[in-house]
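K.L.:
any chance you can model this:
(one chain, ligands or ions: 1)
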Amino acid sequence: MSLAGKVGLFGGTFNPIHVGHLRVAEEALRQFGLKEVLFIPTAHPPHREVADGVSGELRYEMVKLAISGRPGLSVSRVELDRPGPAYTVDTIELLRKEYPEGVAYIVGADIFSQIEIWRDWPRLLTLCPFIVAPRPGVDLEVFRRPPFDRAEIHVLNMTPIALSSTEVRRRYRLGLPTQGLVPEAVDRFIREHGLYGAKRTSPLE
Ligand code: ATP
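P.N.:
Numbering: from 1, shown residues only. Okay, here's the model as predicted:
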């Protein structure tokens, strides 16, 4: 089925957003003719703590900076403004009603391959089509087998990008080079706020 004109929902912790996320969003826009891609930073991920305790507001600000000037990308507060853990199944249900043109959920192959730990996953799999981004080390063949056979799955055609927020945080913590891993405005924000153990700089430096 065609995804043209639908809205791509891209949920994540985005701690911080990095160029891998942006590339996935822009490839999804282009390859499937989506109308827009909505980044949805989560306040409280259900399965883990937010590393370094970086607040949803700060992660939201970084997404805003990263997508500024990039047509077709936007950010939603829907999970930040909801108290308690945000479950993807609830977010999709809500946004499906808001976007009559239809939605598709964008997800990395690593996270999607663990679908059976997601809340209400059998229903989730049939709620909307999925756009899966390849990630190094994840065999895409798993998405051809049960339980994924009940879902409509589209795999992004791109070389996997070996980058994670974990690696980005590690580099700030250790004072290693971070050039090209996050957009410049995000890099400035991280340093001005001293996030991830980065040495704090003043906005004028
Ligand atoms: P962390 O290292 O903290 O686990 P992450 O880099 O995986 O973070 P998340 O914010 O948890 O980033 O991911 C949001 C979504 O983006 C997830 O679906 C994840 O699989 C996907 N994603 C993140 N990085 C990449 C990448 N390099 N290539 C493809 N998908 C990615």
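K.L.:
was I right about residue 152 contacting residue 130?
P.N.:
Yes. At 6.9 Å, residue 152 counts as touching residue 130 under the criterion of Cβ atoms under 8 Å. Any C-beta I mention is one placed from the backbone N, CA and C, and that applies to glycine too.
K.L.:
between these two, which is the more surrounded one?
P.N.:
residue 130 (20 against 14; other Cβ atoms under 10 Å).
K.L.:
quick check: phi and psi on the more buried one?
P.N.:
phi -120, psi 140 (degrees, to the nearest 10).
K.L.:
what of the one 4 residues further on?
P.N.:
Main-chain dihedrals, residue 134, degrees, to the nearest 10: phi -60, psi 150.
K.L.:
how much space between it and residue 195?
P.N.:
According to Cβ to Cβ, to the nearest Å, residue 134 stands 28 Å off from residue 195.
K.L.:
so the two - more neighbours on which side?
P.N.:
More crowded of residue 134 and residue 195, by other Cβ under 10 Å: residue 195, with 22 against 19.
K.L.:
now do the contacts for the closest residue to the more buried one other than its chain neighbours.
P.N.:
Excluding its sequence neighbours, the residue lying closest to residue 195 (Cβ to Cβ, 6 or more residues apart in numbering) is residue 54, at 5.9 Å. By Cβ atoms under 8 Å, 6 or more residues apart in numbering, residue 54 lies in contact with 15, 16, 195, 196.
K.L.:
highest neighbour count among the residues you listed?
P.N.:
Scoring the contacts of residue 54 on neighbours with other Cβ under 10 Å, the highest-scoring entry is residue 16 at 28 neighbours.
K.L.:
not counting sequence-adjacent ones, nearest residue to it?
P.N.:
According to Cβ to Cβ, 6+ apart, the nearest residue to residue 16 is residue 62 (4.9 Å).
K.L.:
no further questions, thank you.
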